[in-house]
Structures are given as C-alpha cells and as structure tokens.
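Engineer: dropping a prediction and its sequence here:
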Amino acid sequence: MTRPNPEPRIPPPAPPASLAETGLPMTLMRDILLKTMLRMSITLVSEISAVVCLPFAQVQQLIDTARSERLLEAMGTLHAGATTSEMGYQLTEAGRAQAQRALGQSEYYGAMPVPMEAYAKQVRRQSIRKISMSRDRLQQAMGDLILPPGLMADLGPAVTSGRSILFYGPPGNGKSSISNGIRDALGDQIYVPRAVVHSSQVISVYDPIVHTRAKLPEAPGSQLRLSGLRHDQRYVLCERPTVVTGGELTLDMLELKYNAVARTYQAPLQFKSMGGVFIVDDLGRQEAPPQALINRWIVPLEMNYDILSLQSGEKIIVPFDTLVIFSTNFHPNKIFDQAALRRIFYKIKIDGPGQADFLKIFALVARKRQMPLNAEALNHLLQVKYPIIGNVYSNYQPVFLIDQMIAICEFEGKPYHMSPELIDRAWGNMFVRDEDIVQ
C-alpha cells in the first residue's frame with residue numbers, strides 16, 4: 001500500500017545555543033556526563049557529544065567545569081588516534097567517586113533529558129490535532145479495504161479532530177484494519193525526546209520498539225541529510241507513533257514504570273504514543289473491566305493532560321496529545337455507563353458487509369491469492385452454506401475460506417481450485433458445532 005503524502009515538515013526544536021538553553025541544572029548535566037564517561041569508557045569530546053546529544057562546544061564547557069572541580073583531568077594528545085589530534089579526558093579519583101554517588105541515585109546516563117515544560121511546548125507545535133485530513137488521503141490509507149457505505153464520512157471528522165474514537169460491532173469486520181489505516185493516514189513525522197526530566201527524575205521516552213526513526217532523503221551534497229542534524233539532538237525525528245494493545249492491557253501499563261534496581265523510570269504506553277495513535281483493541285477482554293479503563297482515561301480525554309505518580313508519591317502533570325481508538329465486539333451500553341460514553345467523542349458502528357460487498361471482498365482475496373473463482377462453488381456457498389447462519393456475512397470470512405481451500409490443495413498436491421466439496425471442508429473449520437463432550 002502506498003503511504004499518503006506527508007504533511008509539511010514540523011518546525012524542529014532548535015539546538016540549545018548554550019548550556020542555559022538546555023533548561024537543565026548544571027549539577028544534573030555534570031553527573032550525567034560523569035556517569036556516561038564511566039559507564040561507556042569514552043574520553044574524547046566528540047564521542048561524548050554524540051552520546052549525550054549536546055553540541056561539541058557545550059560538552060567542552062561541561063568538561064571545563066568538571067575540571068575546575070577536579071572531577072576530570074586532561075590526558076593530553078598522547079592517546080589521540082591516527083585520524084585525530086583531539087585531546088582526551090578521564091575521571092579523577094574524585095570524579096569516579098562522584099560518578100558512583102550519582103549512579104547510586106539513578107543509573108540513567110547517555111542523552112541529556114528534555115525538561116518536561118520544554119517537551120510540552122514541542123507537543124503543542126506538533127499536535128496530532130493540527131493534521132489536516134482529506135477524504136482522498138484517508139481513502140488512500142485504507143488501501144483495498146472495502147468499507148461500509150457512509151463510513152468514510154464518519155471516519156474523516158473523527159480523525160481530523162484528533163479526539164477519541166470507539167469502534168464497535170460484530171467481530172471479524174475490520175475494526176482493527178480500519179484503526180491501522182488511520183495510523184497510516186497520518187503520514188508525517190514528529191520529534192520524540194530520548195528522555196524527559198521532572199524534578200531531577202529522568203523518564204526514558206524514546207523506544208525503538210514503538211518509535212520508527214524517519215528516513216532522511218538523500219540529496220546532492222547531502223544537504224537534506226545535514227539539515228537533519230540542525231535540530232536539538234536530544235530529540236529523534238520519528239514517524240508518528242502507534243501503540244497497539246489488546247487483551248494484555250492492564251492499568252499498570254498506563255503508569256510510570258519504575259526500575260527499583262536502576263532507580264530509573266520508563267514512560268507509560270500512552271506517553272510513548274504522544275502525537276500519534278493509541279489503539280485499545282478487543283476492549284472488554286482485558287483483566288480490568290472496560291469501565292475501569294475508561295475511568296483511567298477520563299482526565300486525559302477531557303483535559304488534554306495526564307497525571308502520573310512518581311515513586312515518592314508525588315503527582316506530576318504531563319501533556320496528553322494522542323488519538324485514542326477503542327475497538328470492541330460488545331455493544332457500548334453493555335460495558336460503559338453514559339458518563340463514560342460521553343467522554344468518547346466519536347462512536348462508530350462497524351457492521352458486516354452485505355452480500356454484494358462480501359462478493360467483492362471474496363473476489364479481491366481470490367485474485368491476491370491466485371485462486372480461480374468458480375461459479376458452482378460460489379453458488380453453493382451463498383445458497384447452501386450461508387442460509388445456515390441466517391445469511392450473516394463477515395469481512396474475515398473470504399480470507400479464512402480461501403486460505404483453507406489453498407491449504408487443502410497444497411496438501412493434496414492439486415492446482416488451486418474451488419469446488420462445492422472444498423467449500424464444505426473449509427466451512428467446517430470456520431465454526432465449531434455445539435455438542436456435549438464426553439468426559
């Protein structure tokens with residue numbers, strides 16, 4: 001599927017022109033510097049700059065400050081490599097002791113964090129609610145999905161708003177696929193901090209499992225690639241993130257994850273999906289009841305901020321800018337009260353296809369799977385098998401039936417083909433007959 005054309009590029013966060021512009025206390029930066037040098041055994045300013053994600057000049061200033069406190073000492077140029085005459089630096093005994101004390105408070109080292117207040121400003125600049133979504137762009141992102149009539153008219157405003165959406169309806173009719181199509185329709189890129197800090201507590205945010213680095217296009221003289229270095233390197237340019245959860249989602253996953261051994265924090269799922277999409281699939285299958293999950297989301301959905309708790313019990317307010325998509329096979333009135341439903345801005349029912357759309361899906365899947373269509377087999381399917389279940393069609397059924405017939409043909413060493421007999425065998429695996437099992 002071809003991804004839609006991306007939005008115009010979001011203005012990047014400018015690199016700090018001085019240590020003061022990082023917004024970080026000098027002691028915090030000094031301790032991260034010492035911990036990084038100790039843990040990674042790096043000595044050159046250029047190497048340290050790449051790891052802590054600050055410009056060379058500012059790292060040199062940090063090193064000079066640490067030297068004045070007798071925490072670092074110059075190694076001279078004796079250890080310089082053949083390709084550089086850069087001077088190296090190493091920890092003194094006092095510097096090593098300070099690094100160990102700092103590690104005792106927090107094992108975090110590496111990239112300098114971004115102050116929470118600064119990140120909140122960047123979130124507003126790249127808000128998902130600033131995306132303009134056209135019908136053509138959303139349709140393109142849905143690819144070959146055959147959608148119910150009128151659904152696109154409901155989806156468009158819901159996506160453009162950047163607010164919460166609830167998909168509900170019978171299982172197997174593409175609720176998850178539509179959610180993924182919305183994700184693909186976003187198309188553009190945002191800046192994700194490697195870590196943020198609040199009251200000296202560092203919270204890791206960038207996660208390679210969740211965040212996909214943007215690929216900078218090549219250009220003559222590599223000008224575009226070089227331009228990618230002209231933003232604050234404490235941020236990573238990424239595709240808008242998507243977090244997909246299902247029955248495994250628990251309330252704990254929506255809170256800060258504290259590592260008691262390393263004394264570090266990991267951002268919760270909804271924080272990692274900032275500026276993107278958070279999909280809660282199979283709502284109603286989680287350990288926590290749906291009402292409890294929605295209650296956890298009430299403040300973020302209404303106020304556009306979230307409240308998280310530190311290990312000390314302190315509550316912190318963090319930005320919330322996420323398109324939350326709930327998907328369930330249950331009727332909303334069965335799992336939510338009206339107060340909860342009021343917090344979900346768009347409620348969209350996804351019904352199964354009619355016979356005409358079912359046949360379109362069947363033909364599309366058959367063509368992709370290189371399975372020849374057979375009129376006798378299709379008539380048998382529509383006139384004999386579907387009346388058994390009241391002629392209720394689902395989007396998943398063409399894929400299921402055709403894949404079953406392909407598996408039979410491959411096992412029996414026959415060319416792909418359809419027949420009433422193969423339809424019957426495939427149908428037999430689609431449903432389980434009610435019966436008593438002898439114990």
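Structural biologist: Good, I have the coordinates.

Engineer: where does the stretch 1-150 of the chain have low pLDDT?
Structural biologist: Along the stretch 1-150 of the chain, the parts satisfying pLDDT under 70 run over 1-8, 77-84.

Engineer: mind jotting down where the strands sit in it?
Structural biologist: Per DSSP state E, counting those that start in this stretch, the stretch 1-150 of the chain carries strands over the ranges 72-76, 88-91, 114-115.

Engineer: can you pull the buried residues of the longest one?
Structural biologist: Within strand 72-76, the residues that count as buried by 16 or more other Cβ atoms under 10 Å are 72, 73. From N, CA and C alone the C-beta is placed, and that goes for glycine too.

Engineer: adding distance to residue 15, write the strands of the stretch 1-150 of the chain out as CSV.
Structural biologist: CSV is the format used below for the strands of the stretch 1-150 of the chain (distance: least, Cβ to Cβ, whole Å):
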stretch, distance to residue 15
strand 72-76, 24
strand 88-91, 22
strand 114-115, 12
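
Engineer: what's the closest of these to residue 338?
Structural biologist: strand 114-115 (39.9 Å; Cβ to Cβ).

Engineer: ok, and what's touching the closest one?
Structural biologist: With Cβ atoms under 8 Å, 6 or more residues apart in numbering as the test, strand 114-115 has contacts from 23, 24, 122, 193, 194, 195, 196, 197, 198, 232, 234, 235.

Engineer: pick out the most distant pair among the residues you listed.
Structural biologist: 198 and 232 (18.0 Å).

Engineer: now residue 309: phi and psi?
Structural biologist: Torsion angles at residue 309 (phi, psi; degrees, to the nearest 10) stand at phi -110, psi 130.

Engineer: what sits closest to it if chain neighbours are left out?
Structural biologist: residue 315 (5.7 Å; Cβ to Cβ, 6 or more residues apart in numbering).

Engineer: wouldn't that neighbour be in contact with residue 299 here?
Structural biologist: No - judged on Cβ atoms under 8 Å, residue 315 makes no contact with residue 299 at a distance of 11.2 Å.

Engineer: what touches both of those two?
Structural biologist: Joint contacts of residue 315 and residue 299 (Cβ under 8 Å, 6+ apart) are residue 307.

Engineer: tell me what the residue nearest the centre of the chain is bridged to.
Structural biologist: Compute the mean C-alpha point of the chain, and by Cα atoms, centre = their mean the closest residue is residue 242, 2.6 Å away. For residue 242, the beta-bridge partners are residue 277 (DSSP bridges).

Engineer: out of the contacts of strand 114-115, which comes closest to residue 69?
Structural biologist: residue 24 (17.1 Å).

Engineer: and residue 252, which of the strands of the stretch 1-150 of the chain is closest to it?
Structural biologist: Closest among the strands of the stretch 1-150 of the chain, using Cβ to Cβ: strand 114-115, at 25.3 Å.

Engineer: give the pairing partners of that closest one; include direction for each.
Structural biologist: By DSSP bridges, strand 114-115 pairs with strand 195-198 (parallel).

Engineer: on that earlier part again, look up phi and psi at the residue nearest to residue 309.
Structural biologist: According to degrees, to the nearest 10, residue 315 has phi -90, psi 140.
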